[in-house]
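*Asks:* Pasting a predicted model and its sequence here:
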Amino acid sequence: MPRITLVLAAVLTLGSTAAGIAGYADLADAEHRAHYVCTDGERFSVVVHDDHVRLRSGDGVFTLRQSAEGRFQDPDTALQLDRDHGLLAREGESPKTCRRAGEAV
């Protein structure tokens, strides 16, 4: 096997391992994880930490800082969580009402 192939395989293996460890650390420090479905069909998940949430949707993964109890935001996105419901608002869009779902997003 050519040396470049071995080096490339090693780099890819290390990269995927590092990404897996980072993802595990994110969940290990989390208070809880939840999945939501909005009235327009959009689905997203959140991993809640002490001072922020990680919101994962079809648009990507975003860190929203806590602004008040149950409220999180960044410059373009705001999320309000209340038990089994959420309100997701993005810059330039109408706010969406979402409900907590049981399955993975």
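*Replies:* Nice, I can see it.
*Asks:* Quick check: nearest residue in space to Tyr36, chain neighbours excluded?
*Replies:* Cys98 (4.2 Å; Cβ to Cβ, 6 or more residues apart in numbering). To be clear about C-beta, it is placed using only N, CA and C from the backbone, and glycine gets the same treatment.
*Asks:* What strands flank the helix or strand the one you found falls within, and is each parallel or antiparallel?
*Replies:* Under the criterion of DSSP states H and E, Cys98 resides in strand 96-101. Strand partners for strand 96-101, identified by DSSP bridges, are recorded as strand 32-38 (antiparallel), strand 85-90 (antiparallel).
*Asks:* In PDB, list the C-alpha atoms belonging to it.
*Replies:* Coordinates of each C-alpha in strand 96-101 appear next as PDB, following Å, rounded to 0.1, in the frame of the first residue of the first chain:
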ATOM      1  CA  LYS A  96     -42.600  29.000  15.000                       C
ATOM      2  CA  THR A  97     -44.400  27.100  17.700                       C
ATOM      3  CA  CYS A  98     -42.800  23.700  18.300                       C
ATOM      4  CA  ARG A  99     -43.700  20.600  20.400                       C
ATOM      5  CA  ARG A 100     -41.300  18.200  22.000                       C
ATOM      6  CA  ALA A 101     -41.100  14.900  20.100                       C
END
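*Asks:* buried stuff in that strand?
*Replies:* 96, 98 (16 or more other Cβ atoms under 10 Å).
*Asks:* Tell me, how many residues neighbour Thr63?
*Replies:* When neighbours are counted by other Cβ atoms under 10 Å, Thr63 registers 13.
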